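Chemist: turn this into a model:
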Amino acid sequence: MAEPRPVFTRLKLGRKGYDADRVDAFVDRVLDRVNGGVQDSEGLSSHELAIETFDEARGSSAYAEEEVDQWRREMRQQISDLEKRLHEEDIPQEREGSAMDMGAPPHYADRFPRVSRAVLGFDVHEVDQAMDQMRAAFQAGQGPTAQEILSLTFHEENGGYRQVAVAQALELIAMARNAR
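Modeler: The predicted structure is shown next:
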């Protein structure tokens, strides 16, 4: 079900609140993300939603701050839930071999989705190197244990891989390793 457009109270003359034009533009971006109008890697993250600021306005060109903030908290939770969910369509139907052989979903430009440059993600080169090393070890029949996979750590960088996506992939690989 599509998220409806919120209706915020316009303030009376002299009262201060958030600039209505800025809030309306922000609402459009959030609704595009929540209602599926943009791909996960292109839309607002829950962290970006939390740090958005609005200009101050007065009177009928302003919205009540508490209403906008409440709506923003609700949307942040929805987007956070979207970020955590592993999409069914992202998992290949035919999964022969190990989880390492699974290709990246076609809408990802890289191995994993990236966060915006304003947000910290895992270092792309470190993650790629670790995945390549694991793949080579598995192909040689000497793959790491599930505990070793889950204990991997990476530095953070702006615009890196989305941390939740990397963690989910590593958990899937570790689960597949334990299943043997």
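Chemist: quick one: average pLDDT of stretch 128-140?
Modeler: For stretch 128-140, mean pLDDT is 87.
Chemist: what's the answer for stretch 158-176, then?
Modeler: 88.
Chemist: could you do stretch 52-61 as well?
Modeler: In this model, stretch 52-61 has an average pLDDT of 85.
Chemist: got the end-to-end distance for that stretch?
Modeler: 19 Å (CA to CA, to the nearest Å).
Chemist: any idea how far it is from the chain center?
Modeler: 28 Å (CA atoms, centre = their mean, to the nearest Å).
Chemist: which other residues reach it?
Modeler: 10-23, 26, 62, 68, 72 (CB atoms under 8 Å, 6 or more residues apart in numbering). Using the backbone N, CA and C atoms, a C-beta is placed for each residue, glycine as well.
Chemist: let's see 7 Å
Modeler: 10-20, 22-23, 26 (CB atoms under 7 Å, 6 or more residues apart in numbering).
Chemist: one more: stretch 144-153?
Modeler: Ala130, Met134, Ala137, Leu170, Ile173, Ala174, Arg177, Asn178.
Chemist: help me confirm that the third one is found in a helix?
Modeler: This means Ala137. Yes: counting by DSSP: H, G, I helix; E, B strand; the rest coil, Ala137 falls inside a helix.
Chemist: isn't it right next to Met131, touching?
Modeler: No: if you go by CB atoms under 7 Å, Ala137 and Met131 don't touch, sitting 10.8 Å apart.
Chemist: the more surrounded of those two?
Modeler: Set Ala137 next to Met131 and count neighbours by other CB atoms under 10 Å: Met131 wins out with 18 against 14.
Chemist: rounded mean pLDDT for the helix or strand encompassing Ser80, please.
Modeler: Taking DSSP states H and E as the definition, one finds Ser80 inside helix 65-84. Average pLDDT, helix 65-84: 86.
Chemist: equivalent analysis for stretch 29-49, please.
Modeler: Mean predicted confidence for stretch 29-49 is 72.
Chemist: for it, measure first residue to last.
Modeler: For stretch 29-49, the end-to-end distance is 10 Å (CA to CA).
Chemist: which residues in the chain form strands?
Modeler: 16-19, 56-58, 62-63, 120-122, 156-158 (DSSP state E).
Chemist: who touches the fourth one?
Modeler: Pointing back at strand 120-122 there. Arg114, Val115, Phe154, Glu156, Glu157, Asn158, Gly159, Gly160, Tyr161, Arg162, Gln163, Val166.
Chemist: excluding sequence neighbours, find me the nearest residue to the fourth one.
Modeler: The reference is to Glu156. Leu120 (4.2 Å; CB to CB, 6 or more residues apart in numbering).
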